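Visitor: the following block contains a protein sequence and its predicted model.
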Amino acid sequence: MASQVTFIGAGNMASAIFGGMIEGGYPATAITATSPSDEHLAPLRQRYGIRTETDNTKAVANADVVVLAVKPQIMRDVCAAMRDAIQARKPLIVSVAAGLGADTLETWLGGELAVIRCMPNTPSLVGAGASGLYANSRVSDAQRQLATGLLEAVGLVEWVDEESLLEAVTAISGSGPAYFFLFFEALEAAGVRLGLPAASARRLALQTAYGAARMAQQSDKDPATLKQNVMSPGGTTERAIHSFEAAELRRIVEEATEACAARAREMARELGQ
Ligand SMILES: NC(=O)C1=CN([C@@H]2O[C@H](COP(=O)(O)OP(=O)(O)OC[C@H]3O[C@@H](n4cnc5c(N)ncnc54)[C@H](O)[C@@H]3O)[C@@H](O)[C@H]2O)C=CC1
Ligand SMILES: O=C(O)[C@@H]1CCC=N1
């Protein structure tokens, strides 16, 4: 029988994960999602056929896995209110919150709990997510496999051995979709500037990104070689790539990802860890 999975919070990230799980064949009736307002939950019930609950305590009573998916800033209060119910059941805790340590969450929930920290991303919604996972010492092999199975239903899973590496995962894949969306915006705008209709520029930009990612995943050649293969000597791509290099695209990417990881550390400090 499928494990009972309760999502505390039913926003962008939670719905991306449970939407992807259901798409991948996970039974919707084994999934519960919570939110303070039923107005927010009603369309999710209708769309996905999941169970919903406005009371977090009730929602964790029969859970095998509790996924913490509220904003980090309210997590302490949300955990405190569920503490007794969690201690009565001792489910596997999976947190997707940026910047909150496994030890902190375990303490807020009353101690002695198996906690997995997960840094997912929103393309989970279309089964193409990427998640970094870290387990505390109480997590059993079976629980690791369970979490791997749940998240592999929505994409790639990478385990890290050190919790601090989740900051790097956040900087690459957790926040990463937004970097590519920014690039799509810029490429579409550039296409329009060059005379293409906006809709056409968007289709071309997105298909090119999709094709390049698929090709890079399937090829035994590294991205540098694939790039070189597009760059005919003295041709058009060479000019564009030289323009990116002259504008120090690599340094821009390095600075943005460093800022992202630094913000994850800063959030941890702000949240009192
Ligand atoms: N959006 C993203 O791309 C990613 C988000 N995350 C993490 O996921 C978590 C959630 O982020 P989003 O889904 O983007 O936020 P969101 O604002 O879309 O969702 C938060 C949800 O929590 C619900 N909520 C508020 N108070 C609650 C309470 N007391 N009990 C139960 N539910 C409550 C809200 O109704 C809302 O549905 C954050 O901790 C964030 O760090 C992690 C990776 C990627
Ligand atoms: O921006 C954020 O804080 C969250 C965590 C990673 C992606 N979104």
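Guide: That came through, no problem. Residues are numbered from 1 along each chain as shown. Ligands and ions are numbered 1, 2, ... in the order given.
Visitor: for the helix or strand where Ala190 lies, the distance to its chain's centre please.
Guide: According to DSSP states H and E, Ala190 maps onto helix 176-193. Centre-to-centre, helix 176-193 and its host chain are 20 Å apart (C-alpha atoms, centre = their mean, to the nearest Å).
Visitor: quick one: mean pLDDT for it?
Guide: Averaged over helix 176-193, pLDDT sits at 98.
Visitor: what does it contact?
Guide: Residues from elsewhere that reach helix 176-193 (C-beta atoms under 8 Å, 6 or more residues apart in numbering): 121-123, 130, 198, 200-202, 204-206, 208-209, 253, 256. Where you see a C-beta, it was placed from the backbone N, CA and C, and this is true even at glycine.
Visitor: can I get that helix in CSV, CA atoms only?
Guide: C-alpha atoms of helix 176-193 as CSV (Å, rounded to 0.1, in the frame of the first residue of the first chain):
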residue,chain,number,x,y,z
GLY,A,176,17.9,27.7,-11.1
PRO,A,177,14.6,27.5,-13.0
ALA,A,178,14.3,31.3,-12.5
TYR,A,179,17.7,31.9,-14.1
PHE,A,180,16.6,30.0,-17.2
PHE,A,181,13.2,31.8,-17.3
LEU,A,182,15.1,35.1,-17.2
PHE,A,183,17.2,33.9,-20.1
PHE,A,184,14.1,32.9,-22.0
GLU,A,185,12.6,36.4,-21.4
ALA,A,186,15.8,38.0,-22.7
LEU,A,187,16.1,35.7,-25.7
GLU,A,188,12.4,36.4,-26.6
ALA,A,189,12.9,40.1,-26.3
ALA,A,190,16.0,39.9,-28.4
GLY,A,191,14.0,38.0,-31.1
VAL,A,192,11.4,40.7,-31.1
ARG,A,193,14.1,43.4,-31.4
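Visitor: what comes up buried for it?
Guide: Of the residues in helix 176-193, Gly176, Pro177, Phe184, Leu187, Glu188, Gly191 count as buried by neighbour count, 16 or more other C-beta atoms under 10 Å.
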